[in-house]
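Q: Compute the structure for the input listed below.
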Amino acid sequence: MPLSPGESPGFLLWHTTLRWQREIAAALAPIGLTHVQFVLLACTWWLNKEGEHPNQLAVARQAGTDVKMASQVLRTLELKGLIEREVDPSDTRSKRLRVTEAGSELAPRSIEAVELADAQFFEPAPAGELVPLLKRLAHPSD
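A: Okay, the predicted model is just below:
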């Protein structure tokens, strides 16, 4: 016998995810970024901050996104003046990514907005339990 929607973990997670995505979109709207633009900008910024000069594949992997979709979104971020895509001298098919000055100013502000939205959204969860659970669910082999 199937579970009712209100008792199905997958169905509840689906609805929770949709609500969370709406909250993140609302937090990012004043900044002028979509959720996926935010994720790719933040990942590029973080990798640059760690001294890396990542290519599009590395950023897509870091973000957990499809490489082709990431390439399109990274082009949009480039058009917005937030990142630069440079041909990799060691592989001319590859593009290395660098956050521009404007992107370096926007990334921390957008991360702060998303972290605040996350804190408000996940506030009902027991302190210290949510992140370990999400890590186990996201990476069961770790």
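
Q: By mean pLDDT, flag the weakest helix or strand of this protein.
A: Lowest on mean pLDDT, DSSP states H and E among the helices and strands of the chain sits helix 130-138, with a mean of 87.

Q: ok, now which ones touch the residue most central in space within the chain?
A: Closest to where the C-alpha atoms of the chain average out (CA atoms, centre = their mean) is residue 39, at 2.4 Å. Counting by CB atoms under 8 Å, 6 or more residues apart in numbering, residue 39 touches 63, 65. C-beta: built from backbone N, CA, C; applies to glycine.

Q: which secondary structure element contains it?
A: helix 35-49 (DSSP states H and E).

Q: Residue 68 now?
A: Using DSSP H and E, residue 68 maps to helix 67-79.

Q: Centre of the chain to the longest helix anywhere in the chain, how far?
A: For the chain, the helix that runs over the most residues, judged by DSSP state H, is helix 101-122. Put simply, helix 101-122 sits 11 Å off its chain's centre (CA atoms, centre = their mean, to the nearest Å).

Q: what packs against the longest strand belonging to the chain?
A: Longest strand in the chain, counting residues (DSSP state E): strand 91-99. When contacts are defined as 3 or more CB pairs under 8 Å, 6 or more residues apart in numbering; DSSP states H and E, strand 91-99 packs onto helix 35-49, helix 56-63, strand 83-88.

Q: Specify the angle between the longest helix of the chain and helix 130-138 in degrees.
A: 100 degrees (axes from the mean of the first three to the mean of the last three CA atoms, to 10 degrees).

Q: Tell me which of the helices and strands packed on strand 91-99 sits nearest to residue 23.
A: Closest to residue 23 of the helices and strands packed on strand 91-99 is helix 35-49 (CB to CB; 10.2 Å).

Q: related to what we said a few turns ago, okay, buried residues for the longest helix of the chain please.
A: Buried positions in helix 101-122, judged by neighbour count with 16 or more other CB atoms under 10 Å: 103, 104, 106, 107, 110, 113, 114, 117, 121.
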